[in-house]
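Colleague: One predicted model, sequence on top.
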Amino acid sequence: MPYHAVARLLRNFFRISELDREAARSALRTQLAAADPDDLLLLADLLGIRDPTVATPNISADARRRRLTALVTTAASARETPGLYIVEDAHWIDEASESMLADFRPLLPEPGRWS
């Protein structure tokens, strides 16, 4: 399944992993109130919590990845508390997740600059 690893990481990032689909979508809308509604649909689809009665935007895979990366980057930059996320067994990571995780690299502090 494409984006399996990154989807699991993002469900934890947005603290929705223990919620049912409807509650998770509501939590995302609250956390990302300023986000484009189409981007929220893309994120819900990625996280496996999309409302099956609502169609996602018909865009290319590259555009989808760019929009999702921008949305997550904005959300991560707005966080006031630090977080630690560990990706275990990275040798099993799917290519799509690896690509998106690489897109998140600018969010990480440079080595030696951690406070």
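Modeller: Ah, there it is.
Colleague: how about the nearest residue to residue 41 once chain neighbours are set aside, phi and psi?
Modeller: Nearest non-adjacent residue to residue 41, counting by Cβ to Cβ, 6 or more residues apart in numbering: residue 56, 5.0 Å away. To be clear about C-beta, it is placed using only N, CA and C from the backbone, and glycine gets the same treatment. Backbone geometry at residue 56, expressed as degrees, to the nearest 10, gives phi -90, psi 160.
Colleague: Give me the mean pLDDT for stretch 73-92.
Modeller: Averaged over stretch 73-92, pLDDT sits at 74.
Colleague: I should have written stretch 101-115 there, sorry.
Modeller: Here the average pLDDT along stretch 101-115 is 63.
Colleague: The residue nearest to residue 50 when sequence neighbours are not counted and residue 80: what is the separation?
Modeller: By the measure of Cβ to Cβ, 6+ apart, the closest residue to residue 50 outside its immediate chain neighbours is residue 44, 4.4 Å from it. Separation of residue 44 from residue 80 (Cβ to Cβ, to the nearest Å): 24 Å.
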